[in-house]
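**Q** My questions are about this predicted structure, shown below with the sequence.
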Amino acid sequence: MTMKIVVDCACQTPYEFEVEPVDGQMPGQVSCPTCGADGTDYANSVIQETLANQPKAAPKIKLKGSVEEEPDGDVSEEAADEAGGLPKSCFIHKEQPVEAFCLTCKKPICLKCMKQTGYFCSIYCRNRAQQAGMDIPVYAGQDRVVREREYKRVTQMGSAILVGLVALFITYEWYVIFGQKPSVKFAMPLAADARLMHAQFANDHELLLVSADSVSDYDFKKKQALWSTSLTKYRAKQSMPTNLAALVAAAQNEDQPKSPEAIAAQKKLVEQMADYEENYYPTDTQLHVVGNDLWVTVGRSIVCLDRATGTEKLSVKTEGRVRDMTFGDDAVIVVSAKGEYDRILTRIQLPSGEQQTERRSLPQPPARRFDMNMDMEAAREPYIPDDRHEFVATGSTVVDLDVKLVEKKVVTVDTMKAADPNSKKFENLGVTQTKEFAEDVMNDMKRSRGEGIAKVDQSRYALTLQRVFGKDIAPWTGEVTGSPALFAMKTVDVLVAGNVMYAFDKSNQKLWQSNLSYPIAPQFTQREYALGYGRRTASAAPCVERGNTLYLFDRGVLTAFDAQSGAVRWRMPSVGISNIRFDDSGMLYVSTSTASPESIQYSDQVSLDKVDPVIVKVDPANGKALWRLEKAGDECYAAGKYLYSTHVIVPGGLMTMIGKGSSSRTFHLFRLNPRNGKQMWDCTREGSPGSVDFCNNEILFQFDDRLEVLKFLPL
């Protein structure tokens, strides 16, 4: 009897064929045409199921007296097995244990069967169940179900990844266009008579505000003052001198030699005018934040306030106007001025407030008359006094630098290149020579006015370095060439004269000296007491001590020295360095320019090549430049993990006159990526703020008429 067999392979490929069974079995082996899997067992099961479902033959009629046939041996064994209980092996895979029974024909099936057809022994039984409308359960381990579930999981995962990428792209674009740029989170208008002199962050939600009359802590998120302390009681009240006219007449009688009475009148006038200005021009309020204390200088008073409450912890009166303050571990050093030539040096012991005072007088320079016949365009000689003093506050003492002229020597140097002797080089002027021709014309004009030379002080000076409030410390004496300048660091003091620097410890012992490539920049050659209200707006010294390294920059080279031995660790040539700063991780940022070394020697030479500001990130361990960024700000600031730079554009006079440009300054604040120096955003403001402060991702602008706190979303 020929049968039509349909086999559903595990690879989901059904195939069919016709066969005539031999003893209820396949006459030969059959395999899947797609994957080659053996389908003989499955075909045998289909044959047996088909034979079992055929109508049974009519039972034989047993006649009386006939001999009963013996049953077949195999049938007896099968019957014996069934009689003993449930079947123990699969109907199709004899070697596999029974796992379930077919829902249609109730035959025992194993896991192999269930992986192929679920809870049925064959496709035939499954089709019969479907035709009968049976509610067919799903076997989770069936190959088809597993593949469908895996495909669904992969599809869902892919869809989720795609949606996530789209959302990430949209979020990133929003962040680049809007989110990363700072926006104003707080603004406070300032009245014209408010006289707010300084503002800075106390933390991410508080501002310390300093005016001529008060100090306050303002919570700009709650928009309320946490505390405010009046300063009026610390400021002396003085009135205009009643005998001002007589004092002025006596002090300014320049036709007669100065008499003792005239000198006394001049000194009294200066003191009374200083007292008067203290009341009517109170612009000297300074703030120093030291740990949990706020130190405020008000005229001739020094007040220590508690940072949390603003209550007074200590109040000290000084004889003169405070010019400089430094803070040591156990003392505060104050340098104040009374009159033009008197200096009062005060040491305040902490926490008792006990004072030690030393008074010093500066040498009065000789009278200098203005010569009406003097050539204003000629190179002027530097002012070289015979004797001068410099007082530098440092930690818990004051350095008294006594400078006396030994031999005056002024050297004239060329600050412009010599004129080109070839007068015919521009006879056939081409387009490529336009810039060179313009430079040549302007340089000739300067030479015709007598410019192009400078007079440099190379005099010899005798120095005496001594410590005030350090009676047991012996002074140091020596001789240098060039006008000296002293800078106090944490563990060493640096003396620079000409092209030589000297390092001293705090006991006046000279540790080492080193030659510099160039002199230091002119703004550092004389000590200036900056009224920066507690924090200087520019570097007060061309050197910084950090760890055991001393960094010093002259006009053309930044050098890293070992602070104790003076060994040079590395040098980095760069012309025009104005400042160096460190971030929280100790990396070094240098604010410099694109100027060439030639511009140092020929500083008056006209060049139409533009000099741009440059910021360089330097590895302090070896001096290697990690990145270099041009035209991205004059000053660099590090605040936490963020890096900023600022740049002010001043309108050109000609463009302003003809109405083609802005008449006000434009302020740019750039955020830089510390890893590569790339500019992340540019915040622009019309008008330049008086000061800028940073607290991580918050920025404070102090304008004349308002305060602004800006914030951006960091990544």
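**A** Okay, I see it. Numbers count the residues shown, from 1 in each chain.

**Q** In CSV, list the C-alpha atoms belonging to stretch 684-694.
**A** Extracted C-alpha coordinates of stretch 684-694, given in CSV (Å, rounded to 0.1, in the frame of the first residue of the first chain):
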residue,chain,number,x,y,z
THR,A,684,29.6,87.8,24.4
ARG,A,685,28.7,90.9,26.3
GLU,A,686,28.6,94.5,25.3
GLY,A,687,30.7,96.4,27.7
SER,A,688,33.5,95.0,29.8
PRO,A,689,32.7,93.7,33.3
GLY,A,690,34.8,95.2,36.1
SER,A,691,35.6,91.7,37.4
VAL,A,692,34.9,88.1,36.6
ASP,A,693,34.8,85.2,39.0
PHE,A,694,34.2,81.4,38.5
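
**Q** where's residue 675 relative to residue 590, distance?
**A** 17 Å (Cβ to Cβ, to the nearest Å). For glycine as for every other residue, the C-beta is placed from the backbone atoms N, C-alpha and C.

**Q** Would you map the strands across the stretch 101-250 of the chain?
**A** Using DSSP state E, counting those that start in this stretch, the strands found in the stretch 101-250 of the chain span residues 108-109, 183-189, 196-203, 206-211, 214-219, 224-230.

**Q** Which elements pack onto the third one?
**A** Right, the one you point to is strand 196-203. With contacts taken as 3 or more Cβ pairs under 8 Å, 6 or more residues apart in numbering; DSSP states H and E, strand 196-203 sits against strand 206-211, strand 286-290, strand 691-695, strand 698-702.

**Q** looking at the ones you listed, which has the lowest confidence?
**A** Mean pLDDT across the helices and strands packed on strand 196-203 is lowest at strand 286-290; the value there is a mean of 88.

**Q** strands paired with the helix or strand following it, and their directions?
**A** Note on strand 286-290: by DSSP states H and E, the next helix or strand toward the C-terminus is strand 293-298. Paired with strand 293-298 in the same sheet, following DSSP bridges, are strand 286-290 (antiparallel), strand 301-306 (antiparallel).

**Q** I'd like the strands of the stretch 101-250 of the chain written out as JSON lines, with mean neighbour count and distance to residue 520 added.
**A** Shown next, in JSON lines, are these (neighbours: other Cβ atoms under 10 Å; distance: least, Cβ to Cβ, whole Å):
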{"stretch": "strand 108-109", "mean neighbour count": "24", "distance to residue 520": "96"}
{"stretch": "strand 183-189", "mean neighbour count": "13", "distance to residue 520": "40"}
{"stretch": "strand 196-203", "mean neighbour count": "19", "distance to residue 520": "28"}
{"stretch": "strand 206-211", "mean neighbour count": "21", "distance to residue 520": "32"}
{"stretch": "strand 214-219", "mean neighbour count": "19", "distance to residue 520": "36"}
{"stretch": "strand 224-230", "mean neighbour count": "14", "distance to residue 520": "40"}
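
**Q** What strands line up against the longest strand along the chain, and which way round?
**A** Ranked by residue count under DSSP state E, the longest strand found in the chain is strand 397-407. Strand partners for strand 397-407, identified by DSSP bridges, are recorded as strand 387-394 (antiparallel), strand 460-468 (antiparallel).

**Q** isn't residue 419 right up against residue 445?
**A** No: using Cβ atoms under 8 Å, residue 419 makes no contact with residue 445, being 11.5 Å away.

**Q** hey, where'd the helices end up in the stretch 351-500 of the chain?
**A** Remark: helices assigned in the stretch 351-500 of the chain by DSSP state H, counting those that start in this stretch are 434-448.

**Q** residue boundaries of the strands in it?
**A** 355-361, 387-394, 397-407, 410-414, 453-457, 460-468, 476-481, 484-488, 493-497, 500-504.

**Q** deepest of the strands paired with strand 293-298, which one?
**A** strand 301-306 (a mean of 20; mean count of other Cβ atoms under 10 Å).

**Q** tell me the angle the next helix-or-strand element following it makes with strand 355-361.
**A** Using DSSP H and E, the helix or strand that follows strand 301-306 towards the C-terminus is strand 312-317. On the basis of axes from the mean of the first three to the mean of the last three Cα atoms, to 10 degrees, strand 312-317 is oriented at 30 degrees to strand 355-361.

**Q** so what does strand 312-317 touch, helix or strand wise?
**A** Looks like strand 312-317 contacts strand 301-306, strand 342-349 (3+ Cβ pairs under 8 Å, 6+ apart).
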